[in-house]
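[1] Quick one, fold the following:
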Amino acid sequence: MHLSDSDYKKVPAELIKQRRLYAATIAFIAVLYITASIQTNYNPLRFFFHMGSFFDFLVHGLLPPSYKLSEGLGAILAQNFGMALIPTFIGGLIAFCLCFFASYSTAPNRVSVKIVRALASFQRNLPSSVWLMVLVMAFGVGTSVGLMALTINTLGYLLRGFADVVDEVGNESMEAIDSVGAAYLPKLFQCVIPAALPGFISWLLYAIEINIMSSSIIGAVGGGGIGMVLMSHWKLFRYRTSFGIILVLAANVIAVNFISNYLREKVIK
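    Numbering: from 1, shown residues only. A predicted model of the protein is given here:
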């Protein structure tokens, strides 16, 4: 619908400014996309040109999936689940001990807040695959190296998450108990920790979800677990077996996500 000059003047200036901002944002994103496509030699239509080859490989190369594994599918899944739980437990325990020094409401001074939060940001912002590469160069490939990489990364975002939870509940809780002149440790154990516990549990459940997926990725580059088994079959051109592992892994991730969301809702309520 075309607006005349008189109608255009009736449009609020704020709305006109907002529309111009949206148009400029869309144009900027389009320019970035085109620039990135040119720099990476990416042709967005290439997939559609080779659609026939894709479906041919899907039907004749991957289907039907095979679940016959010499390693034992149940044992591999159990190992993968253990690789998610162990880093979550260790990282959660260390994060619990340090988060009170990273919270503005419970830290003894601002210096400790800056140091601990900087440490958490450094660990969290580097992906677990990067930590794995560093550890593989030092210790070689294996499940233990994968667990170490996941633990370092898990500690980073759990420490930051726990500190934010303490910040949310700490101010009111500390002010309430300060009026009775309680010492530092009683403040934490009798007031802050009980109020922050649902948030801690929610973050731990989220960490298990992330580590279930991350353990598969780092396993593909030498971290052990189901990812290493998947890549070994893929390199031997056992595509049906590889596809079976992928389907089982996807079902495992969905099940853990469903259970985690259910438990998180119960904890929050």
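
[2] got the domain boundaries for the chain?
    Domain ranges of the chain: 13-62, 73-268, per automatic domain parsing.

[3] Show me where the stretch 1-150 of the chain dips below the pLDDT cut-off.
    Applying pLDDT under 70 to the stretch 1-150 of the chain picks out residues 1-12, 52, 69-71.

[4] The same query, at a cut-off of 80, please.
    Low-confidence regions of the stretch 1-150 of the chain, defined by pLDDT under 80, span residues 1-17, 41-62, 64-80, 105-108, 127-129, 136, 138-143.

[5] Might you report the residue contacts of the residue most central in space within the chain?
    Centrality entry for the chain: nearest residue to the mean C-alpha point is Ile210, 4.6 Å, by Cα atoms, centre = their mean. For Ile210, the contacting residues are 154, 157, by Cβ atoms under 8 Å, 6 or more residues apart in numbering. Heads up, the C-betas are built off the backbone N, CA and C, glycines and all.

[6] what's the helix or strand for it?
    helix 193-218 (DSSP states H and E).

[7] Show me what the following helix or strand past that helix is packed against.
    Downstream of helix 193-218, the first helix or strand assigned by DSSP H and E is helix 226-235. With contacts defined as 3 or more Cβ pairs under 8 Å, 6 or more residues apart in numbering; DSSP states H and E, helix 226-235 has these neighbours: helix 73-102, helix 193-218, helix 239-268.

[8] Kindly recompute the last result at 6 Å.
    If contacts are counted by 3 or more Cβ pairs under 6 Å, 6 or more residues apart in numbering; DSSP states H and E, helix 226-235 sits against helix 73-102, helix 239-268.

[9] Please identify the most buried of those helices.
    Of all those, helix 73-102 has the most neighbours on average by mean count of other Cβ atoms under 10 Å, namely a mean of 19.

[10] mind listing what's buried in the helix holding Ile210?
    Neighbour counts over helix 193-218 (16 or more other Cβ atoms under 10 Å) mark 193, 196, 198-212, 214-218 as buried.

[11] From the chain's centroid, how far away is the one helix or strand Lys17 maps to?
    Lys17 belongs to helix 13-39 when assigned by DSSP H and E. Centre-to-centre, helix 13-39 and its host chain are 29 Å apart (Cα atoms, centre = their mean, to the nearest Å).

[12] After that helix, which helix or strand is next?
    Taking DSSP H and E, what comes next after helix 13-39 is helix 46-49.

[13] pull the CA atoms of that next one into CSV?
    What follows is helix 46-49, C-alpha atoms only, in CSV (Å, rounded to 0.1, in the frame of the first residue of the first chain):
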residue,chain,number,x,y,z
ARG,A,46,25.4,-26.2,-4.7
PHE,A,47,23.4,-28.4,-2.3
PHE,A,48,20.3,-28.2,-4.5
PHE,A,49,22.3,-29.0,-7.6
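
[14] Which strands and helices lie in contact with it?
    Partner elements for helix 46-49 (3+ Cβ pairs under 6 Å, 6+ apart): none found.

[15] buried stuff in the helix or strand following that helix?
    Using DSSP H and E, the helix or strand that follows helix 46-49 towards the C-terminus is helix 51-57. In terms of neighbour count (16+ other Cβ under 10 Å), helix 51-57 has no buried residues at all.

[16] can I get the CA coordinates of helix 51-57 in PDB?
    Below are the C-alpha coordinates for helix 51-57, written out as PDB (Å, rounded to 0.1, in the frame of the first residue of the first chain):
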ATOM      1  CA  MET A  51      20.300 -33.200  -4.300                       C
ATOM      2  CA  GLY A  52      20.100 -36.400  -6.300                       C
ATOM      3  CA  SER A  53      23.500 -37.600  -5.100                       C
ATOM      4  CA  PHE A  54      22.600 -36.800  -1.600                       C
ATOM      5  CA  PHE A  55      19.400 -38.800  -1.600                       C
ATOM      6  CA  ASP A  56      21.200 -41.700  -3.500                       C
ATOM      7  CA  PHE A  57      23.800 -41.800  -0.700                       C
END
